[in-house]
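could you look at this predicted model? Sequence included:
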Amino acid sequence: MNSPSQAPVAVLGAGSWGTALALLSARCGRRVLLWSPEQDQVSEMVATASNERYLPGIPFGPNITATADLAAVTEATRDLVVAVPSHAFRPVLGALAGCRSGDSGDLRICWGAKGFEPASGLLLSEVFAEILGESATPVVVSGPSFAGEVAQGLPTALTVAAATESQAETVAGWFRDERTRVYTSTDMRGVQLGGAIKNVMAIAAGISDGLGFGANARAALITRGLAEMIRLGKALGGQADTFMGLTGIGDLILTCTDDQSRNRRVGLGVARGYNLGQVLDQIGQEAEGVNTTRVLHRKSQEMAVEMPIAEQVYQVLFEGLDPSRAVNTLLSRDPRPESY
């Protein structure tokens, strides 16, 4: 348990995941500043002592303070969690850098987004390096975790990864309570890649289930999806063992099998005849797997890494391929030995 006299942890992003991490850190005894750039949302959170937009009915408790003042946040603490979608990661880091202009003090910045930067295809650690360089310590938190269950305090296991074990262990303490087991890793690339690639496989599983293909097909997609994750993940610098852990197969199983997964729901909707825009409107929140599908398509082609499931998801989402034909294409591939 942390001392309440410590500087607060600041969570930047008051969506469902940011709010869940704020609640978790508050349960660990830290004071938490929950930042949103929208003053209207902050006013709502102050009035209700909760985030009714994203996690209704879950009270904040006394340790969480909502704010829209980023400059005040950066003056209050050097411990920050960035919980915004991948497309907003660069702007938020840029704003942080502006607030800390002329301050050479070290920041510890942990992010929970699971994806690539859309325009560049960079991992978020690479975006971090471009903007903050060595002026801050980069850390990532990932693993099989739905925001609602974390917010409710249901049992969860996470992984925190950083360049060194000591850095990862320090930040892991922000999230450890009696219901949340937090492991550590020094494979930042692998942890990020597993969290991103699994979202595309969840879309594939949703398509399969939406077409009524059953549990056998879903199990096959998860297993062969893991093979694709390992192939591309290793090619991009991740360690094979990482993909067999919480942030690889663990997160893959979760997002492919439960309808709390937005990416799985993308696949379900497309399989049922809705176009991508309609599905995303129905979901109403970011589905990182859509952008990640574009990035994987480009990277797998550039690196000549075979990713047949990801390729068919790309064809369905962006080339108008009928979902049934995509599945038939996968089933009609030439026989081969099973391998990773």
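That came through fine.

which of the residues in stretch 90-108 are buried?
Within stretch 90-108, the residues that count as buried by 16 or more other C-beta atoms under 10 Å are Arg90, Val92, Leu93, Leu96, Ala97, Arg100, Leu107, Arg108. C-betas here are computed from N, CA, C, even on glycine.

ranges for the strands of the stretch 51-200 of the chain?
Under the criterion DSSP state E, counting those that start in this stretch, the stretch 51-200 of the chain carries strands at the ranges 55-59, 64-67, 79-82, 107-111, 136-142, 156-162, 180-185.

excluding chain neighbours, give the residue nearest to the residue nearest in space to the middle of the chain in space.
The centre of the chain sits closest to Lys114, judged by C-alpha atoms, centre = their mean, with a distance of 2.7 Å. Spatial nearest neighbour of Lys114, excluding adjacent residues (C-beta to C-beta, 6 or more residues apart in numbering): Gly195 at 3.6 Å.

do I have it right that that neighbour meets Leu246?
No. Using C-beta atoms under 8 Å, Gly195 is not in contact with Leu246; the gap is 9.9 Å.

residue contacts, the closest residue to Leu123 other than its chain neighbours?
Among residues not flanking Leu123 along the chain, Gln192 sits closest, at 5.2 Å (C-beta to C-beta, 6+ apart). With contacts defined as C-beta atoms under 8 Å, 6 or more residues apart in numbering, Gln192 is in contact with Lys114, Leu123, Leu124, Ser125, Val140, Ser142, Ala161.

return the closest of those residues with respect to Glu44.
Lowest distance from Glu44 to the contacts of Gln192 (C-beta to C-beta) belongs to Lys114, with 26.4 Å.

the closest one contacts Glu288, doesn't it?
Yes. With contact defined as C-beta under 8 Å, Lys114 counts as touching Glu288 (5.6 Å).

which residues are common contacts for the two?
Shared contacts of Lys114 and Glu288 (C-beta under 8 Å, 6+ apart): Ser86, Ala196, Asn199.

go ahead and confirm the first one touches Leu124.
Yes. Using C-beta under 8 Å, Ser86 and Leu124 qualify as a contacting pair, with a distance of 6.6 Å.

now for those two: what residues contact both?
Counting by C-beta under 8 Å, 6+ apart, the residues touching both Ser86 and Leu124 are Ala113, Gly115, Phe116, Glu117.

could you find the closest non-adjacent residue to the first one?
Nearest residue to Ala113, sequence neighbours excluded (C-beta to C-beta, 6+ apart): Ser86, at 5.0 Å.

can you check Ile131 too?
Nearest residue to Ile131, sequence neighbours excluded (C-beta to C-beta, 6+ apart): Leu93, at 4.5 Å.

same check on Gln282?
With sequence-adjacent residues excluded and distances taken as C-beta to C-beta, 6+ apart, Gln282 is closest to Gly269, at 6.4 Å.
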